[in-house]
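Chemist: Any chance you can model this:
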Amino acid sequence: MASIYVLDSEPFTRDGIKSYISSHSTHSVVGEGNSGLSAIPEILALRPEILIAELFLNGLDGLEVVRRIHEEIPSIHIIVYSWKMESFHVSRAVNYGAEGFVLKNTDRCELFEAVDLVLSGRKFFSESISCFVDANGCATDLMESLTHREREVLQAVAEGLTSPDISNLLYISTRTVEKHRTNLMKKLKVHSQGDLIKYALQRGLIPFHSSSGDATA
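Modeler: Reported below is the predicted structural model:
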């Protein structure tokens with residue numbers, strides 16, 4: 001039987017997890033929280049075997065919670081349970097010590113399959129995000145696959161610049177800009193211009209402060 005702490009800002013999510021655990025397993029929920037800042041000292045005091053945590057919390061970011069808790073309790077098993085996870089969320093959380101990633105739109109039994117697997121020393125990833133993870137359970141950041149020019153185009157996209165604007169800014173043809181946009185969507189696994197802008201903003205890409213004089217594509 002394992003002790004579990006549930007960290008999620010949604011009361012119905014916490015209640016659902018607790019109800020499922022009590023009726024389908026021998027594990028027990030020893031604590032719950034809705035804020036990263038207030039949960040950290042409680043988790044450190046309770047020292048549960050498993051932390052089930054949402055990444056998107058009020059106040060302190062869930063990734064920072066994962067990092068701090070794993071640093072203080074290296075033996076803890078951390079499972080991220082969230083509605084949506086991009087490659088960089090997975091990559092950072094793995095680096096910070098998470099062993100499982102479960103999307104909330106999957107069957108809840110998947111979460112408890114993850115619980116059993118991480119307790120046995122294995123990792124678990126929902127199928128839709130398994131493309132971000134290699135055979136050894138190591139996550140990769142899709143940004144690492146981008147060329148320097150593609151990163152420049154992505155930054156410009158984040159500013160809402162049009163293809164002609166980007167063409168003038170980077171001294172490349174509009175056709176080349178469109179090619180970079182296509183490559184970006186393919187590499188970052190997004191399917192629309194809106195998704196590309198959202199991804200760029202999520203990454204906190206900074207605006208251009210000066211034009212590039214590099215004429216290469």
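Chemist: can you map out the strands along the protein?
Modeler: 3-7, 28-33, 50-53, 77-82, 98-103, 124-125 (DSSP state E).
Chemist: next one: the third one to chain centre, how far?
Modeler: The chain centroid and the centroid of strand 50-53 are separated by 15 Å, computed with C-alpha atoms, centre = their mean, to the nearest Å.
Chemist: what does the lowest-mean-pLDDT helix or strand in the chain rub up against?
Modeler: Least confident helix or strand, the chain: helix 193-202 with a mean of 79, by mean pLDDT, DSSP states H and E. The contact list for helix 193-202 (C-beta atoms under 8 Å, 6 or more residues apart in numbering) reads 86, 88, 154, 155, 157, 158, 160, 181, 184, 185, 188, 190. C-betas here are computed from N, CA, C, even on glycine.
Chemist: Comparing the strands of the chain, which yields the minimum mean pLDDT?
Modeler: The minimum mean pLDDT among the strands of the chain belongs to strand 124-125 (a mean of 88).
Chemist: From the chain's centroid, how far away is it?
Modeler: 13 Å.
Chemist: cool, and stretch 185-199?
Modeler: That offset, for stretch 185-199, works out to 15 Å (C-alpha atoms, centre = their mean).
Chemist: And for stretch 97-106?
Modeler: 9 Å.
Chemist: now do stretch 143-150
Modeler: 19 Å.
Chemist: can you tell me the distance between the two ends of it?
Modeler: 10 Å (C-alpha to C-alpha, to the nearest Å).
Chemist: Quickly note the distance from the residue positioned nearest the centre of the chain to residue 143.
Modeler: For the chain, the residue nearest the mean C-alpha position is residue 89 (2.1 Å; C-alpha atoms, centre = their mean). From residue 89 across to residue 143, the span is 12 Å (C-beta to C-beta, to the nearest Å).
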